[in-house]
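Give me coordinates for this.
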Amino acid sequence: MNMESHSHNHSHGSNKKALLFAFLITTLFMVAEVIGGLITNSLALLSDAGHMLSDAVSLGLSLLALVVGEKAATKAKTFGFKRFEILAALFNGVTLIVVSIYIFYEAFHRFQEPPSVVGSGMMIIGILGLVVNIVAAWVLMRGDTKGNLNLRSAFLHVLGDMLGSIGAIIAALLIIQFGWNIADPIASVIVAILILISAVRVTKESVHVLMEGSPSHIDVEKVKQQLEGISGVIETHDLHVWTITSNYPSLSCHLLVEQNMSHEDILNDANALMKQEFGITHTTFQIEEEHYNLEESDIHN
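Numbers count the residues shown, from 1 in each chain. Presented below is the predicted three-dimensional model:
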């Protein structure tokens, strides 16, 4: 148990360090990219800066969520502050949608009258942006991007921004070689589409969690079948599976069991099954015997 706790704390600390470094380097370059976009008159750079702003916000909120989530539960907030991460993700998603709509609006006007763009300056800043994104992605990969949804979503944001930087570089090449200034708004639209895709996905997932929908990776019908396969269990009802926050699925259920069965054994089997098969460690089971002799047993792991 101590080893598991030590491993969790070490992973948690590594995730915070990775997020902090990625947040700082992304924020600093975002400021530089805004300045460069204004100087070169490049909407592609400004839209990529907008994408990097969304990444910085995402990284900052992810970091804040880890810090706030460490706060202990109170009498008023019995689950603690773990769901702050979901609220942060919802805010981030809505903000991304607004940013993408604004980029589409600006690009529409530039398609009608493509402005003159300093391709060489755009190229330099685009390459620097790509390097920054590669470094940020590498740092985040050293954290727990597989087990921690919070960190993984931040990592995906950075990967999306890498594509934005590549788009800005390609647009700069077309402007330098052929004088195609229209490549600038085209690249900005591509970046806006990337932002919008991420925004819609994050927003939908956040709303789903806040509406206490079942986790996408858990088949509730399969959970029901597995519980009813436990020796002594007749049927299940009032089965609910939801998510407190990322990587924190919870379950509550009534189990109708045969008379004279050991309630403790059934509870132990049910909890072990949920942990091993579905990764659910926060469970509440109510045992009901035939003829409706009720005994409530809550197990929180």
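
Let me see the ranges of the helices in this structure.
2-40, 43-69, 84-112, 119-141, 149-178, 183-210, 220-228, 263-278 (DSSP state H).

and among those helices, the most buried is which?
Burial of the helices of the chain is given as mean neighbour count (mean count of other C-beta atoms under 10 Å); helix 43-69 ranks first at a mean of 25. In short, each C-beta sits where N, CA and C put it, glycine included.

From the chain's centroid, how far away is that one?
Helix 43-69 sits 12 Å away from the centroid of its parent chain (C-alpha atoms, centre = their mean, to the nearest Å).

tell me the mean pLDDT over that helix?
The average of the pLDDT scores along helix 43-69 is 74.

What helices and strands are in contact with that helix?
With contacts taken as 3 or more C-beta pairs under 8 Å, 6 or more residues apart in numbering; DSSP states H and E, helix 43-69 sits against helix 2-40, helix 84-112, helix 119-141, helix 149-178, helix 183-210.

tell me what the last one is packed against?
It stands for helix 183-210. Here helix 183-210 touches helix 43-69, helix 84-112, helix 149-178, strand 233-245, going by 3+ C-beta pairs under 8 Å, 6+ apart.

on that earlier part again, for the helices and strands packed on helix 43-69, which one sits closest to N247?
Minimum separation from N247 across the helices and strands packed on helix 43-69 (C-beta to C-beta) falls at helix 149-178, 5.6 Å.

Now do the closest one against strand 233-245, angle only.
Angle, helix 149-178 to strand 233-245, by axes from the mean of the first three to the mean of the last three C-alpha atoms, to 10 degrees: 50 degrees.

Distance-wise, check the closest residue to L59 other than its chain neighbours relative to A65.
Closest residue in space to L59, ignoring its immediate chain neighbours: F23 at 4.0 Å, by C-beta to C-beta, 6 or more residues apart in numbering. Per C-beta to C-beta, to the nearest Å, F23 is found 12 Å from A65.

Y248 too?
Distance from Y248 to A65, counting by C-beta to C-beta: 12 Å.

go on, N260?
Counting by C-beta to C-beta, the gap from N260 to A65 is 48 Å.

one step back: of the helices of the chain, which is nearest W242?
helix 183-210 (7.9 Å).

ok so, going back, looking at the helices and strands packed on helix 183-210, which is nearest to L194?
helix 149-178 (4.8 Å).

In this structure P249 contacts H282, no?
Yes: at 7.2 Å, P249 counts as touching H282 under the criterion of C-beta atoms under 8 Å.

Comparing the two, which residue is more hemmed in?
Taking other C-beta atoms under 10 Å, P249 and H282 do not tie; P249 has more neighbours (21 against 16).

residues contacting the more buried one?
By C-beta atoms under 8 Å, 6 or more residues apart in numbering, the contact list for P249 reads 215, 218, 241-243, 278-280, 282.

Among those, name the buried ones.
Buried members of the contacts of P249, counted by 16 or more other C-beta atoms under 10 Å: 215, 218, 241-243, 278, 280, 282.

Now render those residues as TSV, adding pLDDT and distance to M30.
Below are those laid out as TSV (pLDDT from 0 to 100; distance: C-beta to C-beta, whole Å):
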residue	pLDDT	distance to M30
P215	86	33
I218	89	37
V241	93	39
W242	92	36
T243	86	31
F278	91	40
I280	91	39
H282	90	38
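
for these, which one is nearest K77?
Checking the buried ones among the contacts of P249 against K77 by C-beta to C-beta gives H282 as the nearest, at 15.7 Å.

how close does the residue nearest to the closest one when sequence neighbours are not counted get to E113?
Closest residue in space to H282, ignoring its immediate chain neighbours: S250 at 4.3 Å, by C-beta to C-beta, 6+ apart. As judged by C-beta to C-beta, S250 and E113 stand 55 Å apart.

which one of those two has more residues nearby?
The residue with more neighbours, out of S250 and E113, is S250; 18 against 7, by other C-beta under 10 Å.

Can you give me every residue that contacts that one?
Residues in contact with S250, defined by C-beta under 8 Å, 6+ apart, are 241-244, 280, 282-284.

okay, the helices and strands packed on helix 43-69 in JSON lines with distance to T78 and mean pLDDT next?
Below are the helices and strands packed on helix 43-69 laid out as JSON lines (distance: least, C-beta to C-beta, whole Å; pLDDT from 0 to 100):
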{"stretch": "helix 2-40", "distance to T78": "21", "mean pLDDT": "70"}
{"stretch": "helix 84-112", "distance to T78": "15", "mean pLDDT": "80"}
{"stretch": "helix 119-141", "distance to T78": "32", "mean pLDDT": "82"}
{"stretch": "helix 149-178", "distance to T78": "21", "mean pLDDT": "77"}
{"stretch": "helix 183-210", "distance to T78": "17", "mean pLDDT": "83"}
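
Good, we can wrap up now.
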